[in-house]
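Asker: fold the following for me, if possible:
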Amino acid sequence: MALVASINLSLGPVLAQAAARHAVLVVDANTGRVLHERSADDLRFPASLVKLMTLYMLFEQIEAGRMNYRTKIRFSAHAVGQKPSKLDVDEGSEIETLDAIKALVTKSANDVAVAVAEHIGGSEERFAQLMTQKARQLGMKSTSFRNASGLPDPGQKTTARDMIVLALRLQDDFTRHYHLFSTRTFTFNGDTYRNHNTLLFRYPGLDGMKTGYIRMSGFNLVASARRNGKHVVAVVFGGATAGKRNNAMRGFLDAGFAKASSVKTRRPSAPLIARAAPAPTSAPQPAVEPQPPASSVEIARVRPVRIPGSPPASIESLLDRSAPKAQPAATASPPPMQPVSASGSFLIQIGAFQSQSDAERRLADVRQRAGAALGKCTPVTHEVKQGDKTLYRARYAGFAAQAPAVAACGALKRLSIDCLVLKAGQ
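Answerer: Presented below is the predicted three-dimensional model:
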């Protein structure tokens, strides 16, 4: 209670000062309760947050059986003529749907968004009309789409509340595709692109969503994070820089976790519940900042995952264009590499990756999302050679028998996490 009170007190003055410039909404996704809001119903330019709806429409096509991950999407002259960010391919080129999804999630490629729009709607204009219709069906009462990418258009508007509705519907309606929002890197035609949502690399428990920026909007972000059974979704509009927006999001998520429930009661597609008025306080309480959980990942022949960074002291000021420039956080030196011995007759493999760091990150992600199912088993990577290539298998080892390993893998699959049960030594 003291923590919650101190967070509310520290946020209050700066939130009031920034109300006219920024929009924020933080929701407990387990209950649907609004934990914090500021200007949540004011119209804003969504920028590339539009691509969340582009992806919703695409996932809908896949679920209806009209497309699949291998469906080819062609680039028209209109698509390749889009302004960056884009893949910059030639007219007539084709891309598989799975690569298109990853390009939208990571690079926020505008040419890919238009190619998807034309594939589904016949034209980008028609697709934008379908997007707006879908927004109304989902309960996004104030949103109008004019294109599939988020590039500037004065008629393209949304609100923080509508974006939270869309974020929750993406998670509720497409559980088997949602994990793609946590894609950190995407390789296409020999080039590797890093996700613009850099909090994926730095904030423990973040499982994805989307960034957006145009000059008219400032820096926007929708983020979803899970810790210890709690699930918080937040949106921030109008950051002065990506760094200030990210620092603000860290603080809002931390404050959200301090108040969120670990018990899931919200029904899929249920409306949001208005937040209760804050209780009056007679005097400030000492702030006790929650510490991010230390990584429990112990990797054979690699260093543990470490995510530096701490929440800012005043949250909304970091969005303010007049705020002083944030200083880069110091990065701790990694600990020396230590070998790990993982005993047990069975293990679960959750993927094979081209880099050791990607395998480590995936292990950390899965632990965050499904820690209860994995228990005390040991996360390890296993380096293997396949011809001239080196792969790193990401595994959880230490299951004494096959039955608990199968049960744990089943729990992972229910969370849309691919896995395979193997005997130790395989």
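Asker: please enumerate the strands of the chain.
Answerer: 23-28, 33-38, 72-74, 94-96, 185-188, 191-194, 206-214, 218-227, 230-239, 346-353, 378-386, 389-399, 420-423 (DSSP state E).
Asker: state the mean pLDDT of stretch 66-79.
Answerer: Stretch 66-79 comes out with an average pLDDT of 96.
Asker: list the contacts of it.
Answerer: 58, 61-62, 89-98, 100-101, 111-112, 114-116, 118-119, 124 (CB atoms under 8 Å, 6 or more residues apart in numbering). For glycine as for every other residue, the C-beta is placed from the backbone atoms N, C-alpha and C.
Asker: before we move on, the earlier item: could I get the strands of the chain as CSV with distance to Leu363 and mean neighbour count?
Answerer: Output for these, formatted as CSV (distance: least, CB to CB, whole Å; neighbours: other CB atoms under 10 Å):
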stretch, distance to Leu363, mean neighbour count
strand 23-28, 27, 27
strand 33-38, 29, 20
strand 72-74, 32, 16
strand 94-96, 27, 17
strand 185-188, 16, 17
strand 191-194, 19, 13
strand 206-214, 14, 24
strand 218-227, 15, 25
strand 230-239, 20, 26
strand 346-353, 7, 21
strand 378-386, 4, 18
strand 389-399, 5, 21
strand 420-423, 15, 15
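Asker: for Lys83, find the nearest of these.
Answerer: strand 206-214 (10.2 Å; CB to CB).
Asker: show me what the closest one is packed against.
Answerer: Contact partners of strand 206-214 among helices and strands, from 3 or more CB pairs under 8 Å, 6 or more residues apart in numbering; DSSP states H and E: helix 50-63, helix 199-202, strand 218-227, helix 242-259, helix 356-374.
Asker: can I get these in TSV with distance to Met131?
Answerer: As requested, these are exported to TSV (distance: least, CB to CB, whole Å):
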stretch	distance to Met131
helix 50-63	5
helix 199-202	25
strand 218-227	16
helix 242-259	24
helix 356-374	29
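Asker: tell me which of these lies nearest to Val24.
Answerer: helix 242-259 (6.4 Å).
Asker: my guess is Lys157 contacts Lys141, does it?
Answerer: No - in this structure, Lys157 is not within contact of Lys141 by CB atoms under 8 Å, at 11.6 Å.
Asker: more neighbours, these two?
Answerer: Neighbours were counted for Lys157 and for Lys141 using other CB atoms under 10 Å; Lys157 has more, 17 against 12.
Asker: show me what that one is bridged to.
Answerer: With DSSP bridges applied, Lys157 shows beta-bridge pairing to Ser144.
Asker: so which of the contacts of stretch 66-79 belong to helices?
Answerer: Counting by DSSP state H, the part of these found in helices is 58, 61-62, 97-98, 100-101, 111-112, 114-116, 118-119, 124.
Asker: now for these, which pair is the farthest apart?
Answerer: Leu98 and Glu124 (21.6 Å).
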